[in-house]
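J.: just to be clear, the model below is a prediction. Sequence and coordinates:
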Amino acid sequence: MLKKGNKLYSIFTGSCPKCNEESMYINKNAYILTDTLKMYERCSNCNTKYKIEPSFFYGSMYVSYPVGIVFAFAAFIISYIFLSASINTAFISIITTMVVFLPIILRLSRNIWINLFMKFDKNLVKK
């Protein structure tokens with residue numbers, strides 16, 4: 001399922017959407033908060049420029065909302081349905097989930113956004 005050449009591979013690994021060879025992020029650990037959104041300007045393998053235009057990633061804010069909803073819904077289902085928690089506890093688990101997973105949500109949103117505009121090119125893959 002998550003093989004190179006698949007958009008899901010690029011989205012979940014944060015790799016270059018054109019070649020899937022290099023990470024777009026300077027630090028792969030999203031939880032180093034000072035580096036969460038720091039990206040290389042270009043891919044070192046295929047020279048793809050990540051910021052297509054100034055303020056390109058502002059569009060990822062529109063993607064972060066539904067991504068956040070998925071995380072919140074999952075927290076609700078797990079706490080309220082599976083763990084039989086009260087509605088107040090479920091609400092607290094949603095807030096906790098959103099805070100804990102914020103760096104992941106931000107990166108996933110950027111990864112989805114850039115993959116909407118770039119396609120994988122199998123000719124750029126290292127052999």
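T.: Arrived safely.
J.: quick check: pLDDT value at the residue in the chain sticking out farthest from the centre.
T.: Residue farthest from the centre of the chain, counting by Cα atoms, centre = their mean, is residue 86 at 30.7 Å. pLDDT, residue 86: 94.
J.: if you skip the residues just before and after it, what's nearest to the residue nearest the centre of the chain?
T.: By Cα atoms, centre = their mean, the chain has its centre lying nearest to residue 108, at 1.2 Å. Residue nearest to residue 108 in three dimensions, not counting chain neighbours: residue 67, with 5.4 Å by Cβ to Cβ, 6 or more residues apart in numbering. The C-beta positions use only the backbone N, C-alpha and C, and glycine is treated the same way.
J.: so which helix or strand takes in the one you found?
T.: Applying DSSP states H and E as the criterion places residue 67 in helix 60-76.
J.: give me the buried positions along that helix.
T.: 60, 63-64, 67-68, 71-72, 75-76 (16 or more other Cβ atoms under 10 Å).
J.: helix or strand right after it?
T.: helix 87-100.
J.: what packs against that next one?
T.: helix 60-76 (3 or more Cβ pairs under 8 Å, 6 or more residues apart in numbering; DSSP states H and E).
J.: mean confidence for the helix it packs on?
T.: Mean predicted confidence for helix 60-76 is 96.
J.: and the lowest-mean-pLDDT helix or strand in the chain, what's buried?
T.: When each helix and strand of the chain is scored by mean pLDDT, DSSP states H and E, helix 7-13 comes last, with a mean of 93. If you call a residue buried by 16+ other Cβ under 10 Å, then helix 7-13 has these buried ones: 7, 9-11.
J.: reformat these as JSON lines; add distance to residue 46.
T.: Below are these laid out as JSON lines (distance: Cβ to Cβ, whole Å):
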{"residue": "7", "distance to residue 46": "16"}
{"residue": "9", "distance to residue 46": "15"}
{"residue": "10", "distance to residue 46": "12"}
{"residue": "11", "distance to residue 46": "18"}
